[in-house]
Structure formats: C-alpha cells, structure tokens
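>>> 3D model of this:
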Amino acid sequence: GSATATAMAVAAPSSSAGGSREGLIGAAAFYVDKVVSDPNIIGMKTLILDEYTTQVVAMVYSRTEVLEREVYLIQRLDASGREAMAHLKAAVFVRPTPDNVDLLVRELASPRHSEYHIFFSNVLPQDMLQRLARADEHEVVRQVQEYYGDFLAINEELFTVNVRGDLELRARADMHMVADGLLSVLLSQRRRPSQIRFTSSSETARELAELVQTKMASDSIFDFRHTDGPLLLILDRRDDPISALLTQWCYQAMVHELLGIRNNRVSLRGAPNVRKDLEEVVLSCTQDAFFARHRNSNFGDLGTAVRDLLQEYQQLAKLNENLTSIEDMQNFMERYPAFRSQSLNVSKHVAIMAELSRLVDANSLLDVSQLEQDMACGSADAGGHARELQRFLDAGLQVPDKLRLGILYALRYESPAVVRDVRSRLVSSGVPESRVQLLDAVLAYAGERRRGHPLWGRGIMSKLGRSLGSALHGVENVYTQHQPLLMGVLEDLAKGKLRDQNFPVAGGGGGPPPRPNDVVVFVVGGATFEEATKVAELNATGSMRVLLGGTHIHNSTSFLQDVSSWFGGSAGADAGLAGRRSARERRSVAGASGAQAEGRKCDSSPRAQSRQVFAAAAAAA
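From the prediction side, this is the model:
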C-alpha cells in the first residue's frame, strides 16, 4: 500500500501556540491546528475522531473554529452507517489503540473518502503501522503522523487523562492509558524528565513511575538534546482526601463543585429563571476572556467583577440605542456580531453567578464551609467540632453536605469509637444506611493507616493553613485558608528537602533531590481545582513552573463516587449523591441558616466580616 512504513513524529513548539492559547492549552491547540489545517489536505474535508480525541479537540477549539478551517463534517470513527463521501478527504485524529486500528483497517478495506490523512495522538507501535500499510490496498492513505495530544488540556497548567472509577488503576488498560497520557504531555513539551519521583506510600504511584520510565527507555523519541528536563512527581489522592471534600470559593472550582464542569461545559438546566439558550454554557479559557481572567478569583471579588462586566455592557447598549443616521446603522451592523457575543457572555456569567449565590444561600454553605475549614486547618477540638457537627446535622442540610461534614470529622479524629459515633449521628439525622457506608469507604481508602503523609497538627497543611493569612478586601478569609498537601510537597522540593524515603526515585538512585525550575505533578486518583488554583498562584511568582495533572479532575461528588466504586460499589454514592449539585435536586434547606445564626448575632470577628463580604457577592452581581 501507499502508507509510509514510518510514522512522522511532530512535537509542539516550545513557545505557546497562538493568541491566548498558552501552556498545555497551546500545545494541544497546536496539534489540533496541525490536523485541521494540514497543507497536504487541500479543499473541504471530513474530520474523523474517536471518543477521546473528540474531547481533546473540544477542550481547545469550538466547533465553529474547526468548521472555519474547511472542515465540512465532524464524525466519529466508530459511528455506524457513515455515508461514503468520495468528494471529501478525511483527516483522521485518533488514539493509537488496537480498537482504533481495527476500525481503520475495516475503513481502508472499503474507503468512504478519496484520501486519508491519519494523525495519531501518541506514539504508534510499529506493528500497528505495518497493519495499516498492509490494509491500504486501495492506496488512499497519504500520510501517517504522530501528534502528541493524548491529554485533555483544561487550563494552561492543568491537564487530565480522564480515567474514572479506577482509583488504583487496577485495570492494565487504565494504567497504560495514564502512562501514555503522561508521556504525551512530556513529548508535547519536548522534555524528558530529569528525574521521576513518586510517593512511597502508594504502590500505584510506584507502578506508574516505573511504567513511564520503561516506556521512555524503550523509545528513542525521548532522546532530546536538552538534559535539563522537568522533575516528574507522581502523587496519590489517598494521601490528601481533604482537598477533594471541601466547599470551594474560587470561580472555576466553585462552579465544578456546585454545578459540575464536563469538557468545559456547565449545565444550568433546572435553575430558576434561566433562559433556554443558557441551559448549557461553555466556560473555556480559550473562548472567554472574562473567565480566563477570573477563573481563580474568589467569590467576593467575582461578584464585583461580574457587576463591572454588566455595567460595561449596559453602557455599550445605551450607545447602540442612539441610531440617528444611516451611517450609525451601518456602524452598528458592523459591530453587531461582537455586541451579540458580548451580550451572551454577560448573560452567561450573570446566570452562573446568580445560581451560585442561590445555592450558597439555600444550602448555608458559608456556615458549612466555616466548620469544614475549622476541622481541616484549626487546632484539634474534638468536643467543640462534635457539637458544631451535631448542630448542622439537626439543621436540615442535604445528605451530601451531612456526609462530607461527617467524613471530615471522622478523618480528623479517626478512631473506632469516633467512627461509630459519627455513623450513629448520620443515621439519626436521616442519612440512609446505604449512604453512611461512604464513611467506611473513605476511611478504608484514605484513613490514617493508608495515608503516607500527616495531615493534622505537625502536618504540612495545618502549618501552612495557619500561616497563610490570605486576605479578601482586607479581611482574613477563613473560607480559603486550607492548603493542599501538594503545596507543602512543592515547598519542600523547592528547598531541596524532599526525602528519598518519602519520595524515592524510580529505578533506584537518590541522594539530595535537585531544586528544579520545572515540575510536572501527576495525581493518581485525580487532582482538584483547588490544587490547580494554588499551582497557578505559585507559577505567577516565577519561582517555579509547575504543570498539574490527574487521572480526573474531581469535585466532592465524583471523588466519593470513585471511592464507592473502589470499595465495591456498595456505598450508595451513585444514587443522588450530587444532591444540591444536581439541577434536578436544587431545593432550599429550610431553617439551616437560622439554626447557625443562633449564638452568633453579635459576632464581629474577622470570620464574621469575611462571611459578610462573601454574602455581598450576590448583590454585587
């Protein structure tokens, strides 16, 4: 056949690709652009994707942007009944998997298009390439190339491989998919790790580190000229379950926790007074300058920013009302597309802000968050926290919030007696027995005996949490004082204090770890947007450049669902666990606010002032 026996490998440029697309987004966008704008594919074409690369493309390009590049049609490789379109050429962008190669072999046996330009999202094994060459009897394959876009780029510094329901990567296919995704990120940066380290408490992290090392050693494509590559650090979610359980207050993290973000899309279906065209909206750094600027803004600052955005739009709308001449009308029509786009963008953020504010108020999340932060970062006070926990359980919170508070308390004061007591309190407060099993599941997965690093008292998070003292409008922000374990690890790494016994080097070796300028962190079991926010803040200082990835990007719902699956699926996490986060279950929590207000009527502490600042965010919007 005409298929070349050698796949051409193409690495992304070291600089960012195009406009606001920077970092990981720039690398992924570079490859997508190479596929849809390939100069060898002249004229209209069909873009053929698999399930995974459909997500890869959607994360960095809108459908409109793809269609603007002479793409007539976007199709799935595995779709049944695809019509023959001999007048169109096919640009195929898929993962190099046996299933996809099988589908391509069948496609080439009876071609639907005049030409096939095949781009794989990762390294293509030689035997698969030979299969394609033998299958190309009609000589329709014009090129086969490797483009390293085998990951989902969420932010400039955040990526995922989107593996769910397998926290320990027990399935061999999941382990290899994660390793291939990590290698794709490294290849897209044209960097070979100077060192691979992993948390010693995790067998999964060790296996992944060794698999990545083995794959690199077996392929000369990783023999780059530069030897000063990033340090690859592999962590495990079980060492820090807290970051996946807390209420979030920064825009992107908050939306994910309360509404859910899936492939940059947010559903507002079921929210009060939402227009039909806003029932599903896109939150993308590449398509929304306001979101790109404010994705890490806290709830209070966000309210002010949305208000300013709305006022700016209202002033522009008034200018467009004064159309007194034909020239005015012509000028308006020229700027109408931008005006319409701005109108939709303003409406989107106002609608999201209004729904976030409603959920915060209806579910007493300011009070819930205060107790969460006290338990996660404050001094040990088992009795005081137990009384606060009981007050919340009696207040009529929804089941997911009761569960999270109970689990956090059990993690903080873990003992057989405490677990029995929390379980009894949850059942007495109306939490179904099937849901209470989640308490046992989380402790089995990430209890004190399973974690490799301390979380309380002498631990990194408590120390940093007390010293952080971050401010919101000059008021100590007690709602975001928690620091993920990851930040303590990065601080130790920056100081050259990362211990070999806690973070050994894959393949042996050791000694004092380098103080790297570049670090790629990957969290087995999933990363969080809270961690991503802290990494973005660290990158902004210029002291270190960190890329963060995870098997998934969790909110508390998805994390508990995965823990339930790991535990055997008997913890009842799948049935309605989303609670206040589900559009179908967004209902008020009667009496909760009043119950928490008792005893705090004269509270003028920084904590109360911070609460008032957050509460004012809704009015600002």
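
>>> Doesn't residue 73 lie inside a strand?
Yes: membership of residue 73 in a strand is supported by DSSP: H, G, I helix; E, B strand; the rest coil.

>>> how near is it to residue 60?
Look at residue 73 and residue 60: by CB to CB, to the nearest Å, they are 20 Å apart. From N, CA and C alone the C-beta is placed, and that goes for glycine too.

>>> what about those two, which has more around it?
Per other CB atoms under 10 Å, whichever of residue 73 and residue 60 has more neighbours is residue 60, with 28 against 15.

>>> give the contact list for the more buried one.
By CB atoms under 8 Å, 6 or more residues apart in numbering, the contact list for residue 60 reads 21, 25, 28-29, 32, 153, 286.

>>> Can you lay out the residues you listed as TSV showing pLDDT, secondary structure and neighbour count?
Shown next, in TSV, are the contacts of residue 60 (pLDDT from 0 to 100; DSSP: H, G, I helix; E, B strand; the rest coil; neighbours: other CB atoms under 10 Å):
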residue	pLDDT	secondary structure	neighbour count
21	61	coil	22
25	94	helix	26
28	95	helix	32
29	94	helix	26
32	94	helix	28
153	96	strand	27
286	88	coil	25
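
>>> And the helices in the stretch 1-150 of the chain, which stretches?
23-36, 51-60, 63-67, 98-109, 126-135 (DSSP state H, counting those that start in this stretch).

>>> Quick one: mean pLDDT over the shortest one.
Pointing back at helix 63-67 there. When pLDDT is averaged along helix 63-67, the result is 88.

>>> and that helix, what other elements does it pack with?
Counting contacts by 3 or more CB pairs under 8 Å, 6 or more residues apart in numbering; DSSP states H and E, helix 63-67 is packed against strand 71-76.

>>> Report all helices and strands that the strand it packs on contacts.
Looks like strand 71-76 contacts strand 45-49, helix 63-67 (3+ CB pairs under 8 Å, 6+ apart).

>>> List the neighbouring strands of the first one plus their orientation.
The strands that strand 45-49 pairs with in its sheet are strand 71-76 (parallel), strand 89-94 (parallel) (by DSSP bridges).

>>> so where is the stretch 351-500 of the chain shaky, pLDDT-wise?
Residues of the stretch 351-500 of the chain meeting the criterion pLDDT under 70: 457-476.

>>> show me where it has strands.
471-472, 475-476 (DSSP state E, counting those that start in this stretch).

>>> show me where the stretch 451-600 of the chain has helices.
Using DSSP H, counting those that start in this stretch, helices in the stretch 451-600 of the chain cover 460-468, 485-494, 529-541, 556-567, 592-597.

>>> quick one, which of those helices is nearest to residue 429?
Across the helices of the stretch 451-600 of the chain, residue 429 has its closest neighbour in helix 592-597 (12.3 Å, CB to CB).

>>> Please name the residues that touch residue 28.
56, 59-60, 149, 151-153, 188.

>>> now the most centrally placed residue in the chain, nearest residue through space, not along the chain?
Centroid check for the chain by CA atoms, centre = their mean gives residue 553 as the closest residue, at 3.6 Å. For residue 553, ignoring the flanking residues on the chain, the nearest one in space by CB to CB, 6 or more residues apart in numbering is residue 160 at 5.2 Å.

>>> Run through the bridge partners of that neighbour.
Under the criterion used (DSSP bridges), residue 160 bridges to residue 152, residue 550.
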